[in-house]
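> pasting the sequence and the predicted model now:
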Amino acid sequence: MPARVASAAEALAWEQATIEKGTPGRELMRRAGSAAAEEIARRFPDEVSRGVAILTGPGNNGGDGWIVARCMAERGIAVSVVEVAPPRTDEAAFARTAAVTTAIAVSPFANDRIDEQLVIDALLGTGSAGNPRGEIASAVECINTAAAAGATVAALDLPTGLDATTGDHDQCVRADLSLAFGTMKRGHLVSRDVCGRIVVLDIGFSDDSPSRALPILVDAAWVRAHVPRIPATAHKGSRKRVAIIGGGKGMAGATILAGEGALRSGAGLLRIVTDPRNTVAIHAGIPAAIADEWPSGPAELSRLCQSVDAIAVGPGLGKSEDTRDLVERVLLAWRGPVVLDADALNMFEGDLPSLAALVRGHDALITPHPAEAARLAGVSVADVLANRFELCADLSRSLGAAVLLKGTPTVVASPSGQGYVSAAGTAALATGGSGDVLTGIAVTLLAQMANEKSPTSAVAENRDVEDVAIVAGTCAAFIHGRAAELCGVVRGTTLDDVLRALPLAWNEAPSKMGVGILAELRAAA
């Protein structure tokens, strides 16, 4: 199964559904604990050989910790369990009873220094909310003190104190490795800086219909399976022709960045349609592009529509009555695939029904950042960030178009209810013009996917179950983010570096994950 992204309630509901289908809760706990013990021992052999400290809490997360302790002790590893709180669930109590029969040292929590170089956080899991209190809070502080002194910290399911749904964390464990059980939690993706490397372990959740409603966390292998291959016999027409409409006065750079993103993603022919005052800058900045002026009448607009396979509208367009009129005329004349970004969205602030009417009938993808999404939805940016998954889905249904909500993570939704998440990227993308590059990537993929006819292509095979616009947007988001990751450092990286890294991102071979691993994310840069 692919890794799914879940809120706390969704993850717990899926676990309960698996139990109701016949897998006992104790068996799920055994699978989680034994898989975590195996993964920790594999990743940190030197640290494990010098002894392990496991801090356990009162719930099933503590039970997972007891199973890890038993599995490691059976391997001959020196294990010390610090029981911060006694078990309060039957499953955790059962796991503790089984563990104490092995050669482990058990002691109550005394707020002492932790001397071991590998510390396992098994205090609180997915179901916890709010700041840790009492001895749990003291134990969190002890773990972080040990980490500051050089200890390696592994968290079971997620770091204690991190809200699995929102990612809030006033006081939480700062982990080097987080071993998520069954699902990637939303909180992991929102607050990767406290999670370290994140690994989603397969513990055998049932593959039922409710689970399939959860968004998929995409990776390089997923993207490779969905992007159409460019054959050796390709020509500029078969690689598709795209137009980018934008570039108001003084904003030629936005369309140049979008155009570079398109060309470096495989577009065969690029038209940049811009304010007449920008055509010289376009010719100088991106010689491979055809520079056209904004169409002034129906005949010019008709010629533009007949010359391309997909259109992107918005980069650097400007916000005025004239540019809104241009967007409306384009969307009424053009019935093919379209990407709307930046000012093509800002001009419909508080007027979502008008935008919905204009995109109806298109393979349409809109790509707002949180502030643009807030303007469209009539809510605050804080509301968008707190409810990005739900708001993205609501926007998509309201517009009848795929929505790519940029951020950490990027969430993509379609009107049919499909959802995807891309966690690729670094803070190098948090700069002006980054979204323009993404627009160029997305319009190229949309042109190629929407017009793909080969019955053997991944896109054609998935056409009945996957909306082309959401797939194009998801692949674009991942590749955009991956190019930033390949640049390495954040400070000193510019969008020129990201553009130069796109060929590496497109041609990188997907890494193979180990047995029993559903997904893996590097520690945040």
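Structure received.

> I290: neighbour count?
With neighbours defined by other Cβ atoms under 10 Å, the count for I290 comes to 15. Placement of C-beta: from N, CA and C, glycine included.

> give me phi/psi at it?
Backbone torsions for I290, taken as degrees, to the nearest 10, come to phi -90, psi 120.

> so what's it up against?
The contact partners of I290, by Cβ atoms under 8 Å, 6 or more residues apart in numbering, come to L269, L270, R271, I272.

> relative to I120, which of the residues you listed is nearest.
Closest to I120 out of the contacts of I290 is L270 (52.8 Å), distances taken as Cβ to Cβ.

> confirm for me that that closest one is in contact with L263.
Yes - L270 is within contact range of L263, at 5.8 Å (criterion: Cβ atoms under 8 Å).

> which stretches of the stretch 251-400 of the chain have low pLDDT?
Scanning the stretch 251-400 of the chain for pLDDT under 70 picks out no residues.

> hang on, A373 is in a helix, isn't it?
Yes - looking at A373 with DSSP: H, G, I helix; E, B strand; the rest coil, it is inside a helix.

> that one: neighbouring residues, count only.
A373, neighbours per other Cβ under 10 Å, totals 25.

> any idea how far it is from L385?
A373 is 10 Å from L385, where distance means Cβ to Cβ, to the nearest Å.

> also I282?
Distance, I282 to L385, by Cβ to Cβ: 35 Å.

> and those two? Which one has more around it.
Just comparing I282 and L385: by other Cβ under 10 Å the higher neighbour count belongs to I282, 24 against 18.

> from memory the more buried one sits against G246, does it?
No - I282 lies out of contact with G246 (Cβ under 8 Å); the separation is 10.7 Å.

> okay, and the common contacts of the two?
Residues touching both I282 and G246 (Cβ under 8 Å, 6+ apart) are T255, I272, T274.

> which one (most neighbours) among those?
Ranking the shared contacts of I282 and G246 using other Cβ under 10 Å puts T255 first, with 34 neighbours.

> quick check: phi and psi on it?
phi -70, psi -30.

> report the separation between the spatially closest residue to it that is not a sequence neighbour and T444.
Nearest non-adjacent residue to T255, counting by Cβ to Cβ, 6 or more residues apart in numbering: G247, 4.0 Å away. With distances taken as Cβ to Cβ, G247 is found 18 Å from T444.

> can you find the helix or strand in this structure with the smallest mean pLDDT?
helix 458-461 (a mean of 41; mean pLDDT, DSSP states H and E).

> tell me the first helix or strand C-terminal of that helix.
helix 468-486 (DSSP states H and E).

> what residues sit buried inside the next helix-or-strand element following that next one?
Proceeding N to C from helix 468-486, the next assigned helix or strand is helix 495-507, under DSSP H and E. Across helix 495-507, burial judged by 16 or more other Cβ atoms under 10 Å covers L495, D497, V498, L499, A501, L502, A505, W506.

> just stretch 87-98 next, same as before
P87, T89, E91, A92, F94, A95, R96, A98.

> average pLDDT across that stretch?
Averaged across stretch 87-98, pLDDT comes to 96.

> now it: how far from the chain's centre is it?
Taking the mean of its C-alpha atoms, stretch 87-98 sits 35 Å from the chain's own mean (Cα atoms, centre = their mean, to the nearest Å).

> from here on, call the first residue 4.
In the new numbering, first residue 4, that becomes stretch 90-101.

> I'd say G269 and V446 touch.
No - contact criterion Cβ under 8 Å: G269 and V446 do not qualify, at 11.3 Å.

> how is this protein divided into domains?
Taking automatic domain parsing as the reference, the chain has its domains at 8-211, 223-511.

> can you give me the end-to-end distance of stretch 17-29?
Using Cα to Cα, to the nearest Å, the end-to-end distance of stretch 17-29 comes out at 15 Å.

> list of residues touching that stretch?
Outside of stretch 17-29, the residues within contact range by Cβ under 8 Å, 6+ apart are 7, 9, 31, 63, 94, 97-98, 185-186, 207-209, 211, 213-214, 217.

> taking those together, which two end up most distant?
F97 and L217 (29.1 Å).

> nearest approach to V518 belongs to which of the domains of the chain?
domain 8-211 (8.7 Å).

> and G269 and V446? Which one has more around it.
When G269 and V446 are compared on other Cβ under 10 Å, the one with more neighbours turns out to be V446, at 35 against 19.

> measure that one to A380 for me?
Applying Cβ to Cβ, the value for V446 to A380 is 24 Å.

> ok so, going back, I'd say the residue nearest to T258 and N281 touch.
Yes - at 4.8 Å, G250 counts as touching N281 under the criterion of Cβ under 8 Å.

> hang on, L58 in a helix?
No - under three-state DSSP, L58 sits outside any helix and is assigned strand.

> need the pLDDT of it.
98.

> ok, now the one 10 residues further on?
Confidence per residue is given as pLDDT, and for G68 that number is 98.
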